[in-house]
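Trainee: Structure for the following, please:
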Amino acid sequence: MSSFLKPTEDLQKELLCSICGNFFTDPVSIECGHNFCHCCILTNCQEASTFFCIECKRVSQLRDFKANKRLGKLAAIAKKLKPHRSQDFEDRGKCEVHQNMKILFCEDDQRPICVSCSQTQEHEAHTLYCVDEAAKNFREKLQETMTDLREKTKNVVFQMTKEKTNFIIFKNQREIQKNNILFEFQKMELFLQEEIDFYLSSVETWGADSSERLSNRINVLSHQHQAFRKRITELEKECQKSDLDLLRDMKGILSRNQCVLQKNMEPFTIYMTIPPILEVMDWVSKWKVDIVLDCNTADPGLILSEDLKSVRYGGIQREALNIYERSRDFAKVLGASSFISGRYYWEVHVPDIINWCVGIYQKLKNCHNFFILSSALIQNAPCLYVMAQHHLYSHIHLKYRQVCVANLKVGIFLDYERGELSFYDATHGYLIYTFPPTLFSGYFLPLICLPKKECSLSICP
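Mentor: Predicted structure coming up:
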């Protein structure tokens, strides 16, 4: 049955008018040999004496039309065989304006139109194709695109295979590199552990020796204390004797007293021995920066050197100081560099006096944050201590450390991301103090303070 329907459908398709999409009614042949319904030609030529053939794009004169009765009879027969509308023409739809089938495609507007639309001023300069031809051309372009895409797909697959191989190679190289780095750090870790054991052993040996000396010292003092107490008891008894009995042995009593009183203990002081860890100083020195002072932040009385690396207090008439300045016993100046990220290290040669301080400073809207190392006189000895004030702290952080040494060169190391600030004795290569980690935010500036007396401080090159 299907073998019979196909030729029938092909025959009916050939007997359809290209303008209205229906079977021919009173068909006429035009000059180029194509056929159309007579009424369709007259409808599309109401204002012109010529007709534009939508099949071959030629122009024919109206007077050259010839009736094609045989074609009309064939169309009438075909109309009886099956429903006269072809599915292709139904899919194309009718023009909303002229009610003709949209059998043309306007390339400029990229939409289907009817023959009547093609003869309007809107489309007279446009490139037109039959829908079938336009679809054919578009299919050819799609085929070309698919061919290109298939070729590109092959290239992509090839590249994917290549990159997968490279990825495997890269993973292997990465693992090798990681193992190499891990091995190197394991060696360093072993070396550092040996160093740790050495330094801890040194401190332990020093501590054991000092503990033994202190213990012996305490025993001697205890015996001396007992001897004194015993002699006091004896003297109390002597004092209770009669005058003659007391005076009878006066010379012996005084001799025994003198013997006991002459047993004085020599002063005994333990000085903490801090072994230098030079490797640490080499490490922090990698982040050494050039620090200069900002003359615009210097308090009255401070005199800066020409290279802005040194500062001294030159004195100032007290009348020139305002109330705020008179209330402070030091003068400060800030560095020109600001720190908001990264790691930084610099060194400062401090004076051999008390009340100086070095560190970092931050001025906020409602508070002042600072982390400093300073010197102070504690029990008649110059000592170092650290102090910090930060908006995250509930109170001022203050901690005494150790006796201050002469000709001290302070190393300052700031690790902003880790929130750490450390002070070092840069001359002897040991750590003085590291503040507990905190959360830094905003920028900090180097801070230097001097007492209001004749003294100077310099930033090391």
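
Trainee: before we move on, which element is Thr43 in?
Mentor: helix 38-44 (DSSP states H and E).

Trainee: what helix or strand is Gln12 on?
Mentor: Element membership for Gln12, per DSSP H and E: helix 2-14.

Trainee: Repeat that for Thr25.
Mentor: Under DSSP H and E, no helix or strand contains Thr25.

Trainee: ok, the closest residue to it other than its chain neighbours - contacts?
Mentor: Residue nearest to Thr25 in three dimensions, not counting chain neighbours: Cys37, with 4.9 Å by C-beta to C-beta, 6 or more residues apart in numbering. No exception for glycine: its C-beta is placed from N, CA and C like everyone else's. Shown in contact with Cys37 (C-beta atoms under 8 Å, 6 or more residues apart in numbering): Cys17, Ile19, Cys20, Asn22, Phe24, Thr25, Asp26, Pro27, Val28.

Trainee: Among the residues you listed, list the two that are farthest apart in space.
Mentor: Maximum pairwise distance among the contacts of Cys37 (C-beta to C-beta): 15.0 Å, between Asn22 and Val28.

Trainee: so where's the chain shaky on pLDDT?
Mentor: Applying pLDDT under 70 to the chain picks out residues 1-6, 45-49, 62-64, 82-93, 260, 262-276, 278, 315-328, 392-396, 400-401.

Trainee: Can you pull the domain assignment for it?
Mentor: 2-99, 136-261, 278-459 (automatic domain parsing).

Trainee: With Cys130 as the reference, name the closest of those.
Mentor: Nearest of the domains of the chain to Cys130, taken as C-beta to C-beta: domain 2-99 at 6.7 Å.

Trainee: quick one: the closest one to chain centroid distance?
Mentor: Put simply, domain 2-99 sits 73 Å off its chain's centre (C-alpha atoms, centre = their mean, to the nearest Å).

Trainee: do stretch 406-425 as well
Mentor: Taking the mean C-alpha point of stretch 406-425 and that of its whole chain, the gap between them comes to 25 Å (C-alpha atoms, centre = their mean).

Trainee: So for that stretch, what gets flagged as buried?
Mentor: 408-416, 419-425 (16 or more other C-beta atoms under 10 Å).

Trainee: OK, contacts around the closest residue in space to Ala76 that isn't next to it in sequence?
Mentor: Nearest residue to Ala76 in three dimensions, chain neighbours excluded: Phe23, at 7.4 Å (C-beta to C-beta, 6+ apart). Applying C-beta under 8 Å, 6+ apart, we find Phe23 in contact with Gln12, Leu15, Leu16, Cys17, Ala75, Ala76, Ala78, Lys79, His84.

Trainee: For Glu55, see how far away Phe23 is.
Mentor: According to C-beta to C-beta, to the nearest Å, Phe23 stands 17 Å off from Glu55.

Trainee: ditto for Ile19
Mentor: 10 Å.

Trainee: neighbour count winner among these two?
Mentor: Per other C-beta atoms under 10 Å, whichever of Ile19 and Glu55 has more neighbours is Ile19, with 20 against 14.

Trainee: And the contacts of the strand or helix carrying Leu247?
Mentor: For Leu247, the host element (DSSP H and E) is helix 243-248. Helix 243-248 is contacted by residues Glu238, Cys239 when judged by C-beta under 8 Å, 6+ apart.

Trainee: I'd like to know which elements the helix or strand just after that helix is packed against.
Mentor: Downstream of helix 243-248, the first helix or strand assigned by DSSP H and E is helix 250-261. Helices and strands touching helix 250-261, as assessed by 3 or more C-beta pairs under 8 Å, 6 or more residues apart in numbering; DSSP states H and E, comprise helix 131-239.

Trainee: Done for today, thanks.
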